[in-house]
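J.: Prediction below, plus the sequence it came from.
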Amino acid sequence: MTEEKLPIIKHVAIAGNIGAGKTTLTTLLGKQFKWDVHYESAEDNPYLHDFYNDMKRWSFNLQIYFLNNRYQQVLKILKGERTVVQDRTIYEDAYIFAPNLHDMGLMTTRDFENYFALFKTMSSQIQPPDLLIYLRANISTLVSHIQDRGREYEGNMSLDYLKRLNERYETWIDTYKEGRLLIINSDDNDFAHNPEDLGKVINTIQGELHGLFIL
């Protein structure tokens, strides 16, 4: 009788609001575990600057761009042989950002319904992450991080917008059943600047991974 081999982890994803620390943690985990890294397409996104200047005009274009970009990332991860850590998930676009824009009157019902139908088709063709890491952060932490990185196009972002997103994140995480979930509090863990905090976060993640998979 041969011993059953546990699955090898392929896909770790970092979720969280704007400024929660996703990109920073994605980079640090990639270095720590020698994983490949898939970043969110922000700096080379052809719609992002326009969106922050005129959200109503560019919301649908932006969300379609992100949806397609993340769908292609997941397909590449599933076809590949190496473990990948991904900065933000396809689910956040569909369950947080797009419906928030719709509720704020910044995306028409026609566009939102079209977008969500496309998401349902795409999501049926892929698998959820082996481990989803959610970075929970309050508004003051988000604002501090956003100011520190100094992206010009984020300067027009309102506190109400961040608050609405945070509320949607909490609702989504409360009902997340697609796979393994780990919640890390960014308010209490300055993993970007404090090596001790980073060590605690890495140990926590290692515990989750070793509990289920072979690294």
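T.: Sure thing, it's come through. Because the structure is a prediction, the values reported are computed rather than measured. Numbers count the residues shown, from 1 in each chain.
J.: In space, what's closest to the residue most central in space within the chain - neighbours in sequence excluded?
T.: Centroid-nearest residue in the chain: Arg88, 1.8 Å away (criterion: Cα atoms, centre = their mean). Using Cβ to Cβ, 6 or more residues apart in numbering and skipping residues adjacent in sequence, the residue nearest Arg88 is Glu40, 4.8 Å away. Every residue, glycine included, has its C-beta placed from N, CA and C.
J.: Relative to Gly21, how far out is the one you found?
T.: The gap separating Glu40 from Gly21 is 13 Å, by Cβ to Cβ, to the nearest Å.
J.: between those two, which one's more packed in?
T.: Gly21 (23 against 19; other Cβ atoms under 10 Å).
J.: Can you pull the phi/psi pair for that one?
T.: When read as degrees, to the nearest 10, the backbone of Gly21 gives phi 110, psi 20.
J.: List the buried residues for the lengthiest helix in the chain?
T.: Assignment by DSSP state H gives helix 55-79 as the longest helix of the chain. Going by neighbour count (16 or more other Cβ atoms under 10 Å), the buried part of helix 55-79 is 55, 58-60, 62-67, 69-71, 73-74, 77.
J.: which among those gets closest to Asn45?
T.: Nearest to Asn45 among the buried residues of helix 55-79, counting by Cβ to Cβ, is Tyr65 at 6.4 Å.
J.: quick one: buried residues of the helix or strand hosting Gln32?
T.: Using DSSP states H and E, Gln32 falls within helix 22-33. Of all the residues in helix 22-33, those buried under the rule 16+ other Cβ under 10 Å are 22-26, 28-30, 33.
J.: hey, where'd the helices end up in the protein?
T.: Applying DSSP H to the chain gives helices spanning 22-33, 48-53, 55-79, 90-92, 98-103, 109-123, 139-149, 159-174, 195-212.
J.: So which of those is nearest Arg180?
T.: Nearest to Arg180, of all these, is helix 195-212, at 6.5 Å by Cβ to Cβ.
J.: residue contacts, the nearest residue to Ser144 once chain neighbours are set aside?
T.: Nearest non-adjacent residue to Ser144, counting by Cβ to Cβ, 6+ apart: Gly19, 7.7 Å away. By Cβ atoms under 8 Å, 6 or more residues apart in numbering, the residues touching Gly19 are 137, 141-146, 149, 162.
J.: Emit the ChimeraX select command for whichever of those residues are buried.
T.: To isolate the buried members of the contacts of Gly19 in ChimeraX, using 16+ other Cβ under 10 Å:
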select :137,141,142,143,145,146,162
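J.: which one of the contacts of Gly19 is nearest Met107?
T.: Leu162 (17.8 Å).
J.: hmm, back to that, could you dump the helices of the chain into CSV with distance to Asn185 and mean pLDDT added?
T.: Putting the helices of the chain into CSV (distance: least, Cβ to Cβ, whole Å; pLDDT from 0 to 100) gives the following:
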stretch, distance to Asn185, mean pLDDT
helix 22-33, 12, 94
helix 48-53, 28, 87
helix 55-79, 25, 94
helix 90-92, 18, 95
helix 98-103, 22, 95
helix 109-123, 28, 97
helix 139-149, 9, 85
helix 159-174, 12, 94
helix 195-212, 10, 87
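J.: Ser186: which of the ones you listed is closest?
T.: Distance to Ser186, taken as Cβ to Cβ, is lowest for helix 139-149 among the helices of the chain, at 5.7 Å.
J.: So which elements touch the closest one?
T.: If you count contacts as 3 or more Cβ pairs under 8 Å, 6 or more residues apart in numbering; DSSP states H and E, helix 139-149 packs onto helix 159-174.
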